[in-house]
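[1] sequence and predicted structure are below.
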Amino acid sequence: MSEQKGSFGIQGSGDTSGYGGLVRSNFSPTSAQRPYGSYFDEVADELERAFPEFSDAIEKVVVDRGELTLHIKRQRLFDVAKTLRDSEALRFEVCLGLSGVHYPQDSDRELHAVYELLSMTHNRRIRLEVSAPDSDPHLPSLVEVWAGTNWHEREAYDMFGIIFDGHPALTRILMPDDWPGYPQRKDYPLGGISVEYVGATIPSPDSRRSYQ
Amino acid sequence: MSTFASSRETTEGTIYSVTGGDWDQVASEIGSAKEERVVVNMGPQHPSTHGVLRLMLELEGETIIELRCGIGYLHTGIEKNTEFRTWTQGVTFVTRMDYLSPLFNESAYCLGVEKLLGITSDVPERASVIRVLMMELNRISSHMVALGTGALELGAITPMFFAFREREKVLDVFEKVSGLRMNMAYIRPGGVAQDLPEGTVAGIRELIKDLRKSFRDNAKLLIGNSIWIKRTKGIGYLDLAGCITLGVTGPVLRSTGMPWDLRKTQPYCGYENYDFDVITSDTCDVYGRFLIRMQELEQSLRIIEQCCDKLEKLEGAPVMVADKKIAWPAQLSLGGDGLGNSLDHIRQIMGTSMEALIHHFKIVTEGFRVPAGQVYSPVESPRGELGAHLVSDGGTRPYRVHFRAPSFSNLQSTSAMCEGSLIADVVAAVASIDPVMGDVDR
């Protein structure tokens, strides 16, 4: 994530608070060490057993706030997803959808897709996270594995411009078909106009001075 | 072809665009065409599509060959907007997504923020009980709309009047507690905006008696109606395998016999301490889904009764986390002109304590910082699994807020439910999914 300076979102001048020198470094969760705790070890063991190229497919395992996130290489996403769905001891039969996240500072990994998986059989949840560079925003489509990801992939395409290879009809879903740009990317402006109220002008939310 | 249906040649053959006019003439002209395949556009402004939903139907006679949904007419960019406000202000945005069940949006969001902050176990018990109480009341008001409008769309007008009358009584409770009937932003990170006003529990106990009787009457209106049964039984069929692969949850999933309800399977807000049943049906059709909703009303009443018992025991307990760096400083109070700022609080910050004023100013303008990371927090909304995916970069504003909206996922199943059936059944099938377009489009 982005490195942030100061506390008020003002660069250059105007900050007399003394907080201008504050620097918050990039956030990047570290890979968890075994044992992960809870049912996470079982899931990881089983995935390693059912998917022999596991060590090659996985970038890192993050255990945070009682949730397991598997960071997967995009080339292997489809196979990992299929294994997670089909393996007897894993049975993540439901993909609840995916959420795109844009990290402009994470070079060559700007676009992330975060999949929430649910196993009703074992009453477990895990999360898959995949990334793609902005210059080559391609991820494999998982519609063949979970048909329900169809609209969710269209939404991620619509909002972030992630192209899901193999999707049956990857078109915009929420925005108009001829809309330029991808609204949920961080470099896409929120828009809005300043409002005058009783003589004073209140800046629009995206140009308003704020704490960071 | 006449002016009513202009035609143009395409690679697929002749396309006729029907723009209105004398329907008999249009129909007879289309009838004389060689191919009987007609594309009908239904909505987005159509009284029976349950909101601004557009359906593109490809018909052969009255049979649907292909159905596609056009959505996005209610897209308001709520997810993007929250990135430009503090974590607390985010509640006022997300509450407007699924406008029939705002308290569930707030709960999913606030549970997520609390998980990010690591204060889940610090939320006072009274706050959790009030959340459950409000959510279950909200489930009733939402199901009443589903049943009422569902019946209305099938041509039964009376159940709609009855359902909206009962819903109004529930909304009166919301108004008394939060000051607003809808979009109340009542549940806040760390607890709830304010404690219940005096006499609320007694009022709710009276309301329960009243509702229980009306639910029975309302159910009789539908279950005893042979037309309604004919319009719903065996219609909009979707079995368990279909639901699972499409990610369908809620009453539609439970109508396949699957007892999946997050309140039981993965409890939150202390749902494990309440006694209630998960209602299922094995009919996989519209009838089963409406029956489930009717019976869930009774289960919600059971939970509300238990909430009332608990609330009486927890009288006077806090409803917000003790940490003053997170808790909203101001309480609202009911004045002669409605709910507004608490005069006691204003007296304190303006008259007696400079530190309290500074604190109030800081937390209202700056908000609080949330440690970096991401969480997913799901709740069982009246429509299925509503999940909030929240990402924080350690600042006072969310880095990304995404809602896994049950209406969005469930609406995908419309094609599977309707293709091969008659055009009139589309209305019943869509009504049984009970999509809220604000939730679909966000």
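    Happy to help now that I have it. Computed from a predicted structure; not experimentally measured.
[2] lowest-scoring secondary structure element of chain B by mean pLDDT?
    Least confident helix or strand of chain B, by mean pLDDT, DSSP states H and E, is helix B:23-31 with a mean of 68.
[3] OK, contacts around residue 140?
    Unless you meant another one, I'm taking chain A. Contact analysis of A:Pro140 by Cβ atoms under 8 Å, 6 or more residues apart in numbering or on different chains lists A:Arg74, A:Gln75, A:Leu77, A:Phe78, A:Phe164, A:Asp165, A:Gly166. C-betas here are computed from N, CA, C, even on glycine.
[4] wrong chain, I was asking about chain B
    B:Ile140 makes contact with B:Glu166, B:Arg167, B:Val170, B:Leu211, B:Leu297, B:Ser300, B:Leu301, according to Cβ under 8 Å, 6+ apart.
[5] list the buried residues for whichever strand or helix holds the third one?
    Assignment of secondary structure by DSSP states H and E places B:Val170 within helix B:158-178. Of all the residues in helix B:158-178, those buried under the rule 16 or more other Cβ atoms under 10 Å in any protein chain shown are B:159-160, B:162-164, B:166-167, B:169-171, B:173-178.
[6] stretch B:415-427 now?
    Applying a neighbour-count criterion of 16+ other Cβ under 10 Å, one finds B:Ser415, B:Ala416, B:Met417, B:Cys418, B:Ser421, B:Ile423, B:Asp425, B:Val426, B:Val427 buried in stretch B:415-427.
[7] next one: A:Glu129 from A:Thr69, what distance?
    From A:Glu129 across to A:Thr69, the span is 5 Å (Cβ to Cβ, to the nearest Å).
[8] nope, B:Trp328 is what I meant
    31 Å.
[9] same question, B:Leu238
    In terms of Cβ to Cβ, B:Leu238 sits 31 Å off from A:Thr69.
[10] those two - which one has more neighbours?
    Of the pair B:Leu238 and A:Thr69, B:Leu238 is the one with more neighbours under other Cβ atoms under 10 Å in any protein chain shown, namely 26 against 22.
[11] right, and the helix or strand after the least confident helix or strand of chain B?
    Criterion used, DSSP H and E; the element after helix B:23-31 is strand B:37-42.
[12] wait, does that following strand contact chain A?
    No: counting by Cβ under 8 Å from any Cβ of the partner chain, chain A has no neighbours in strand B:37-42; the shortest distance is 15.3 Å.
[13] helix/strand/coil for residue 100?
    In the absence of a named chain, chain A is used. strand (DSSP: H, G, I helix; E, B strand; the rest coil).
[14] pLDDT score for it?
    Looking at A:Gly100, its pLDDT stands at 93.
[15] for the buried residues of stretch B:415-427, which one is nearest chain A?
    B:Ala416 (8.7 Å; Cβ to the nearest Cβ).
[16] tally up the residues packed near B:Gly438, please.
    22.
[17] what sits closest to it if chain neighbours are left out?
    B:Tyr99 (4.8 Å; Cβ to Cβ, 6 or more residues apart in numbering or on different chains).
[18] how is chain A divided into domains?
    A:1-30, A:31-202 (automatic domain parsing).
[19] just chain B next, same as before
    Per automatic domain parsing, the domain ranges recorded for chain B read B:5-70, B:80-326+B:368-441.
[20] how about the contacts made by B:Leu314?
    Taking Cβ under 8 Å, 6+ apart as the definition, contacts of B:Leu314 comprise B:Glu125, B:Arg126, B:Val129.
[21] for the residues you listed, pick the one with the most neighbours.
    Counting neighbours by other Cβ under 10 Å, the top entry in the contacts of B:Leu314 is B:Val129, with 25 neighbours.
[22] pick the one among the contacts of B:Leu314 closest to A:Gly97.
    The closest of the contacts of B:Leu314 to A:Gly97 turns out to be B:Val129 (Cβ to Cβ; 30.6 Å).
[23] from chain A, how far off is the closest one?
    B:Val129 is 23 Å from chain A, where distance means Cβ to the nearest Cβ, to the nearest Å.
[24] was I right to think the residue nearest to B:Gly438 contacts B:Leu180?
    No: B:Tyr99 is beyond contact range of B:Leu180, at 11.8 Å (criterion: Cβ atoms under 8 Å).
[25] mind checking pLDDT for the residue of chain A found nearest chain B?
    For chain A and chain B, the shortest gap (Cβ to the nearest Cβ) falls at A:Gly148, measuring 3.2 Å. At A:Gly148, the predicted lDDT confidence score is 90.
[26] list phi and psi for it.
    In terms of degrees, to the nearest 10, the main-chain angles of A:Gly148 are phi -70, psi -10.
[27] and the closest residue to it other than its chain neighbours, what does it touch?
    Leaving aside its sequence neighbours, A:Gly148 sits nearest to B:Gly247 (Cβ to Cβ, 6+ apart; 3.2 Å). Taking Cβ under 8 Å, 6+ apart as the contact definition, B:Gly247 lies against A:Val94, A:Cys95, A:Leu96, A:Gly97, A:Trp146, A:Gly148, A:Thr149, B:Ser409, B:Gln412.
[28] just the pLDDT for the closest residue to chain A within chain B.
    Nearest to chain A in chain B, going by Cβ to the nearest Cβ, is B:Gly247, at a distance of 3.2 Å. Per-residue pLDDT puts B:Gly247 at 91.
[29] what of the one 5 residues further on?
    Here the pLDDT value assigned to B:Val252 is 93.
[30] that one touches B:Ile244, doesn't it?
    No: counting by Cβ under 8 Å, B:Val252 stays clear of B:Ile244, with 11.4 Å between them.
[31] looking at those two, which is more packed in?
    Taking other Cβ under 10 Å, B:Val252 and B:Ile244 do not tie; B:Val252 has more neighbours (29 against 23).
[32] show me the contacts for that one.
    B:Leu238, B:Cys243, B:Arg289, B:Gly384, B:Asn410, B:Ser413, B:Ser432, B:Ile433.
[33] now those in TSV, with distance to chain A, secondary structure and pLDDT?
    Listed next are those as TSV, based on distance: Cβ to the nearest Cβ, whole Å; DSSP: H, G, I helix; E, B strand; the rest coil; pLDDT from 0 to 100:
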residue	distance to chain A	secondary structure	pLDDT
B:Leu238	12	coil	91
B:Cys243	9	helix	92
B:Arg289	18	helix	92
B:Gly384	10	strand	92
B:Asn410	10	helix	92
B:Ser413	9	coil	92
B:Ser432	18	helix	91
B:Ile433	13	helix	90
